[in-house]
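>>> Let me see the structure of the following:
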Amino acid sequence: MYNNDVIRSALVLKGLFFEPTGLMVAAPTAGLPECIGGERNWDYRYTWIRDTAYVIEALSMIGYKREATKFLYDMMDIIERENRVRTIYSINQMDDLDEVELDYDGYMQSRPVRIGNKASSQLQIDQYGSIVNAIHSLSDAGGIINSYLWNFVGETLDTLGELWKLPDSSIWEFRTEPRHYVYSKIVSWSAFNNAIDLGKKQGFSGPYRKWKAIADTIKDDVMANGYDPELNSFVQYYGAKETDASLIRMPLVGFISASDKRFLGTLEKIDRDLRVTDHLFKRYREDDGLNGRDNAFLLLSFWYVEVLLYLNRIDEARDIFDSLMDRANHLGLMAEEIDFDTGEQLGNFPQAITHLGVIRAAVLLNMEFKTTYRANHKKAAGRR
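Numbering: from 1, shown residues only. So this is what the prediction gives:
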């Protein structure tokens with residue numbers, strides 16, 4: 001039903017790969033503003049570990065196991081060579097990642113124009129969990145998980161076992177003081193949970209009881225410090241009174257059931273506080289110290305579609321997905337954000353992470369469509 005949307009987005013991802021190293025840029029542009037006339041102008045011509053993980057998940061979902069495996073191994077080679085996981089990598093392994101501001105006017109006078117990306121020096125804890133989860137997704141899709149990958153999982157979890165306790169800059173790369181962001185903790189939990197599932201299915205040995213104990217500790221910590229019973233909502237960071245739209249993804253990583261009243265309260269608060277129009281969402285309400293408003297982050301809307309499917313709100317999910325795809329340009333391409341008022345696409349373009357959202361939501365909608373079709377066909381055959 002949505003095969004054309006999936007194929008188009010997969011082609012976009014293919015075009016973002018740099019063949020000599022096998023790495024992928026988040027977008028092929030720099031300096032295109034997320035708010036016209038504002039300073040939210042970033043350089044996205046690099047590889048993010050988080051995006052790497054999402055690419056592997058998406059390619060695995062649509063059967064491109066060979067491509068997903070190659071991308072994973074190309075990424076792994078760099079990580080193993082440096083003996084550490086960095087937030088951002090240069091696709092040619094030579095470019096300087098230090099952020100500088102150029103004396104350019106920028107698109108429609110949106111200054112400054114930045115080259116390089118300061119996020120390269122940040123701690124973003126979800127990156128570690130994301131790469132483990134990507135290996136788990138590849139395994140679920142039938143990809144080959146060898147001892148090399150399994151050892152990497154163990155090494156990553158050794159590091160994450162200490163890092164999850166620290167404050168970080170979150171998935172949104174805040175340039176303010178690091179905090180204990182709930183989303184970062186949740187993805188850390190999912191890494192330990194998925195590693196246990198992966199290892200047992202593959203028949204690997206591992207410190208499963210230790211990993212289970214850490215996963216339980218993380219979950220208890222989040223429930224004690226990241227959930228506000230007065231608000232009936234999970235919050236953005238420990239001690240906050242506001243939520244964060246990234247928490248839409250909680251049931252998608254298995255942390256909590258979509259029907260759990262605590263998640264439903266969170267979803268209601270996100271819908272009330274962060275949805276602006278037509279199921280377009282702001283990421284957060286916190287002052288991030290940047291001039292110019294933050295517009296609709298498109299990936300969140302595709303995550304929202306997935307959650308609606310988990311809640312069996314199928315028609316609503318389909319309608320929202322269709323309305324989102326109507327916002328693509330004439331070539332079926334999408335940016336990172338959309339202006340709430342004008343509907344204009346904003347930010348670097350085309351944006352990998354948005355097209356990853358398209359693929360995931362479309363695949364799940366297609367699965368639901370096939371299930372419904374088979375059920376209806378069975379009923380019709382029974383009436384004959």
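>>> only C-alpha atoms for contact and neighbour calcs from this point on.
Will do.
>>> those helices in the chain, which residues are they?
In the chain, the segments counted as helices under DSSP state H are 3-15, 49-61, 65-82, 126-140, 147-163, 182-202, 208-225, 261-273, 298-310, 314-325, 352-383.
>>> Same list (these) but as JSON lines, adding mean pLDDT and distance to Tyr238.
Listed next are these as JSON lines, based on pLDDT from 0 to 100; distance: least, C-alpha to C-alpha, whole Å:
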{"stretch": "helix 3-15", "mean pLDDT": "95", "distance to Tyr238": "35"}
{"stretch": "helix 49-61", "mean pLDDT": "89", "distance to Tyr238": "23"}
{"stretch": "helix 65-82", "mean pLDDT": "86", "distance to Tyr238": "31"}
{"stretch": "helix 126-140", "mean pLDDT": "94", "distance to Tyr238": "16"}
{"stretch": "helix 147-163", "mean pLDDT": "95", "distance to Tyr238": "16"}
{"stretch": "helix 182-202", "mean pLDDT": "98", "distance to Tyr238": "7"}
{"stretch": "helix 208-225", "mean pLDDT": "98", "distance to Tyr238": "5"}
{"stretch": "helix 261-273", "mean pLDDT": "98", "distance to Tyr238": "15"}
{"stretch": "helix 298-310", "mean pLDDT": "98", "distance to Tyr238": "22"}
{"stretch": "helix 314-325", "mean pLDDT": "97", "distance to Tyr238": "31"}
{"stretch": "helix 352-383", "mean pLDDT": "74", "distance to Tyr238": "27"}
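>>> closest one to Tyr104 among those?
Distance to Tyr104, taken as C-alpha to C-alpha, is lowest for helix 352-383 among those, at 25.8 Å.
>>> quick one on the thing from earlier: quick one: which of the helices of the chain is nearest Glu286?
Closest to Glu286 of these is helix 261-273 (C-alpha to C-alpha; 11.5 Å).
>>> nearest spatial neighbour of Tyr104, skipping sequence neighbours?
Among residues not flanking Tyr104 along the chain, Val113 sits closest, at 6.3 Å (C-alpha to C-alpha, 6 or more residues apart in numbering).
>>> Ala326: neighbour count?
One correction, residue 326 is Asp, not Ala. By other C-alpha atoms under 10 Å, the residues close to Asp326 number 11.
>>> quick one: contacts for it?
Applying C-alpha atoms under 8 Å, 6 or more residues apart in numbering to Asp326 gives no contacts.
>>> State the distance from the residue nearest the centre of the chain to Glu101.
What sits nearest the mean C-alpha location of the chain, by C-alpha atoms, centre = their mean, is Tyr54, with 6.1 Å. Tyr54 is 29 Å from Glu101, where distance means C-alpha to C-alpha, to the nearest Å.
>>> now do Arg111
Between Arg111 and Glu101 the computed distance is 9 Å (C-alpha to C-alpha).
>>> out of those two, which sits in the busier spot?
Counted by other C-alpha under 10 Å, Arg111 and Glu101 do not tie: Arg111 has more neighbours, with 22 against 11.
>>> So for the more buried one, what's the nearest residue that isn't a sequence neighbour?
Once flanking residues are discounted, Arg111 sits nearest to Glu39: 5.5 Å by C-alpha to C-alpha, 6+ apart.
>>> Could you give the number of residues near that neighbour?
Neighbourhood size, Glu39 [other C-alpha under 10 Å]: 21.
>>> per-residue confidence at it?
Note on Glu39: pLDDT of 93.
>>> Could you double-check that it sits in contact with Asp288?
No: the pair Glu39 / Asp288 is not scored as a contact, 11.8 Å apart, by C-alpha atoms under 8 Å.
>>> where do the contact lists of those two overlap?
Common contacts of Glu39 and Asp288 (C-alpha under 8 Å, 6+ apart): none found.
>>> What is the end-to-end distance of stretch 329-340?
OK, stretch 329-340 end separation, C-alpha to C-alpha: 16 Å.
>>> now do stretch 335-351
This stretch, stretch 335-351, spans 5 Å end to end (C-alpha to C-alpha).
>>> List the contacts of that stretch.
Outside stretch 335-351, the residues that touch it by C-alpha under 8 Å, 6+ apart are 12, 26-35, 41-44, 276-277, 280, 295-299, 327, 333-334, 353-354.
>>> Next: stretch 286-298.
Applying C-alpha under 8 Å, 6+ apart, the contact partners of stretch 286-298 are 34-40, 174-176, 242, 280-283, 336-340, 354.
>>> List the buried residues in that stretch.
For stretch 286-298, the neighbour count (16 or more other C-alpha atoms under 10 Å) marks 293-298 as buried.
>>> What is the nearest of those residues to Leu247?
Of all the buried residues of stretch 286-298, Phe297 has the smallest distance to Leu247: 13.6 Å, by C-alpha to C-alpha.
>>> Next up, the contacts around Asp168.
So Asp168 contacts 122-125, 178-181, 184 (C-alpha under 8 Å, 6+ apart).
>>> Repeat that for Ala191.
Each residue near Ala191 by C-alpha under 8 Å, 6+ apart is listed here: 128-130, 132-133, 157.
>>> how about the contacts of Asp168 in a markdown table, adding distance to Asn193 and neighbour count?
A markdown table is the format used below for the contacts of Asp168 (distance: C-alpha to C-alpha, whole Å; neighbours: other C-alpha atoms under 10 Å):
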| residue | distance to Asn193 | neighbour count |
| --- | --- | --- |
| Gln122 | 25 | 17 |
| Leu123 | 22 | 19 |
| Gln124 | 19 | 26 |
| Ile125 | 16 | 26 |
| Pro178 | 25 | 17 |
| Arg179 | 23 | 17 |
| His180 | 20 | 22 |
| Tyr181 | 19 | 26 |
| Ser184 | 14 | 29 |
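>>> Now render these as a markdown table, adding distance to Asp271.
Formatted as a markdown table, the contacts of Asp168 follow (distance: C-alpha to C-alpha, whole Å):
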| residue | distance to Asp271 |
| --- | --- |
| Gln122 | 29 |
| Leu123 | 29 |
| Gln124 | 26 |
| Ile125 | 26 |
| Pro178 | 26 |
| Arg179 | 24 |
| His180 | 23 |
| Tyr181 | 20 |
| Ser184 | 21 |
